[in-house]
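> Below is the sequence, then the predicted model.
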Amino acid sequence: MPETGACVFCRIVSGELPSHKIYEDGDFLAFHDIRPLNPGHTLVIPKAHYRWTYDVPNYGDYFEAVKKIGLAAISALGADSFSVVTLGHEVRHAHVWIVPRFPDDGHPGVLDWNSVKDIPQDEMELIAEKIRSHIEGA
C-alpha cells in the first residue's frame, strides 16, 4: 500500500481532521468538499491510502458506493443529476467528486472549477444529514 504520511484525506479517515460525513462503510468514506461547487458536493475516498482510483482493488465496489451516494443526493436535494469527476492531482489520495447539478447552478454544461459556493458550516451539516437519510442501507 502506498505512503500515507500527512495525507489530508488519511487524517480525515483517522478522525484527526473534522468533516461532514455523508457515508461510511468498511472500505470507503464520503464527506463534503470544503470548497463546494454546489450544495452536496461530496468526496468519496477509500479509507486505505491509494494514489489513484484505479489502484483501489475493489474498484467496482468503489463506484457502486459513488452511485449510491449520487442517487441519494438527487433524491435528498432535488437535483437534476450529478457529475462524477476523478482528477486526483490536487490531493495525492484516490478520490471521486460527486457534484449534484441544478438548473442555473453556475456551471454552464460542464463544471466551472471557479464557481465555488459559500455554504455556511451549519447548512453543510444539514445537507449531509439529508443525503445520509436517503442512502439505502447506510
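Noted; the coordinates are in hand.

> Spit out the contact partners of the residue positioned nearest the centre of the chain.
Centroid check for the chain by CA atoms, centre = their mean gives residue 43 as the closest residue, at 1.8 Å. The neighbours of residue 43, taking CB atoms under 8 Å, 6 or more residues apart in numbering as the test, are 9, 30, 31, 32, 33, 95, 96, 97, 98. For every residue, glycine as well, the C-beta is placed using N, CA and C.

> Please name the nearest non-neighbouring residue to the first one.
Nearest in space to residue 9, with sequence neighbours left out and distances taken as CB to CB, 6 or more residues apart in numbering, is residue 93 at 4.0 Å.

> Assess the claim that residue 19 and residue 31 are in contact.
Yes - counting by CB atoms under 8 Å, residue 19 does reach residue 31; the two are 3.8 Å apart.

> Return every residue with contacts to both of the two.
Here residue 19 and residue 31 have residue 12 as joint contacts, going by CB under 8 Å, 6+ apart.
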